[in-house]
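Q: could you look at this predicted model? Sequence included:
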Amino acid sequence: MSDPFFIPPSGADLPRYAGVPTFMRLPYLSPEDPRRAEVELGFFGLPWDGATSNRPGARHGPRALRDASTMIRAMNRATGQTPFAAMQCADLGDVAMSPVDQDEALGNAEAFIAGVVEQGIRPLMVGGDHLCTLTVLRALRAARGEAFGLILLDSHTDLYPPYFGGQTLTHGNPFRQAVTEGLIAPERTVMIGMRGTAYDTEDFDFGHRHGIRIVQIEEFFDRGFGPVMDEARAIVGTAPAYLSFDIDFIDPAYAPGTGTPEVGGPTSFQAIQCVRALRGLDIIGADLVEVSPPFDPSGGTAWLGASVLFELLCVMAPA
C-alpha cells in the first residue's frame, strides 16, 4: 500500500481545476528532495522538439498533459486497478533542454534520467518529440548492462537514416540509432501501426535485416488487435522490455494534435485496448510522445494522451 503522501487528492476533496497541476495530481519532488528515494515510478517531462523535421509544437506537450491529467481518477474501471495505491509515484519535473543545441539538450536529458534510474525509479517519460525516447533507452541500457526488448505503438517505424546528409538525428531516427548503439534487442522488438506515405523502403529494409517485427496497419485490422498484441507479448517474452507510445498511432480524427498525423489508424478505444493487452510484461520504462497542443486548440488530444498515460501506468503497476 502506498504512503498517503503519494496518493493524489480526490476531486471530491480538491476540485480538479484547482491547485498546481502535476502529472495525475501527484506530488512534485525536485532532484534534491529526500523523498525521491521512496519513489517507485516517476513521471517527468522532456519539453523538447528540436528533432522535429516538419511541424514543431511537441515541446508544449508535457505542460498540456499535466493540465489534462488532473482529470484522472484513482481507479481503472476496466481493469479494477488502483495504481496509485499499488506503488509510490511522483512527478519528477521537467528537464531543462536547450531549444537550439541538440547535443546539450540530449546530454541534459540523459544525465537526468541516469539519476532517476540509479535511484531505482522506473521512468515514465512524457515528450517532446520521439528522439526524446533515445535518451531514456541510453540511460536504461547503461544501468542494466544489456539490451532489452521494445514495443512501439506508432504510425512510423522511426528507423530511417539520419537526415540532411547523414549528420543529424531527428524524430525519424531514434530506433535505428538504438539498434546501432546496441540499446535494444532487435529480435525482441515489435512495431505496430505503420502506415502512410514514405520516402522509400529504407526503414522497413533496415528493420527486416535486423529481425524487427513490423506490423503494418492493414495487418493490424485484418487480424484484429487481440492476435497482434498476443504476438507482441510472445516476441518480447518474459524478459525486460520498453514500451513507447507515439500519439500519432491513433487516427487523427481522434488525435489531431500531433506533428506528423497519418490517417487510417486505430480509434481511441482500440489504442487503449492495445496498451491494456500488455499487462503482466516486465515493462522497465515507457513513454508518451509527440502530443503537439498547437495543432489541437480543443485540448482533446492532450486529454486522450493523459488517458493513455494512465493506461501505461496501469500496465507498469504490480499485479
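A: Alright, I've got the coordinates.

Q: other residues contacting stretch 105-120?
A: Stretch 105-120 has contacts (CB atoms under 8 Å, 6 or more residues apart in numbering) with 31, 36-37, 39-40, 42, 44, 46, 48, 50, 92, 95-99, 123, 125, 131-132, 134-136, 138-140, 142-143. Placement of C-beta: from N, CA and C, glycine included.

Q: so which bits of that stretch are buried?
A: Buried residues in stretch 105-120, counted by 16 or more other CB atoms under 10 Å: 105-106, 108-110, 112-114, 116-117.

Q: avg pLDDT for it?
A: Stretch 105-120 shows a mean pLDDT of 98.

Q: Asp3 is in contact with Glu38, correct?
A: Yes - the criterion here is CB atoms under 8 Å, and Glu38 meets it with Asp3 at 6.8 Å.

Q: give the residues shared as contacts by those two.
A: Counting by CB under 8 Å, 6+ apart, the shared contacts of Glu38 and Asp3 are Gln88.

Q: quick revisit: now the buried members of the contacts of stretch 105-120.
A: Buried by 16+ other CB under 10 Å: 36, 39-40, 42, 44, 46, 48, 50, 92, 95, 97, 123, 125, 131-132, 134-136, 138-140, out of the contacts of stretch 105-120.

Q: mind checking which of those are in helices?
A: In this view, those that belong to helices under DSSP state H are 132, 134-136, 138-140.

Q: pLDDT and distance to Pro56 added to these, as CSV?
A: Below are those laid out as CSV (pLDDT from 0 to 100; distance: CB to CB, whole Å):
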residue, pLDDT, distance to Pro56
Cys132, 98, 13
Leu134, 98, 18
Thr135, 98, 18
Val136, 98, 21
Arg138, 98, 23
Ala139, 98, 25
Leu140, 98, 27
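
Q: farthest pair in the residues you listed?
A: Pairwise distances across these (CB to CB) peak at 13.5 Å, for the pair Cys132 and Leu140.

Q: element containing the most centrally placed residue in the chain?
A: Centroid-nearest residue in the chain, with CA atoms, centre = their mean: Asp287, separated by 1.7 Å. Per DSSP states H and E, Asp287 falls inside strand 283-289.

Q: which other helices and strands does that strand contact?
A: If contacts are counted by 3 or more CB pairs under 8 Å, 6 or more residues apart in numbering; DSSP states H and E, strand 283-289 sits against strand 122-127, helix 132-144, strand 241-246, helix 300-316.

Q: quick check: pLDDT value at the residue nearest to the centre of the chain.
A: According to the prediction, Asp287 has pLDDT 98.

Q: which residues does it contact?
A: 123-127, 132-133, 136, 243-245.

Q: skipping adjacent residues, who's closest to it in space?
A: Counting by CB to CB, 6 or more residues apart in numbering, Asp287 lies nearest to Met125, which is 4.0 Å off, once chain neighbours are set aside.

Q: and Ile121, by the same measure?
A: Ile121 sits nearest to Gly42 (CB to CB, 6+ apart), 4.4 Å away.
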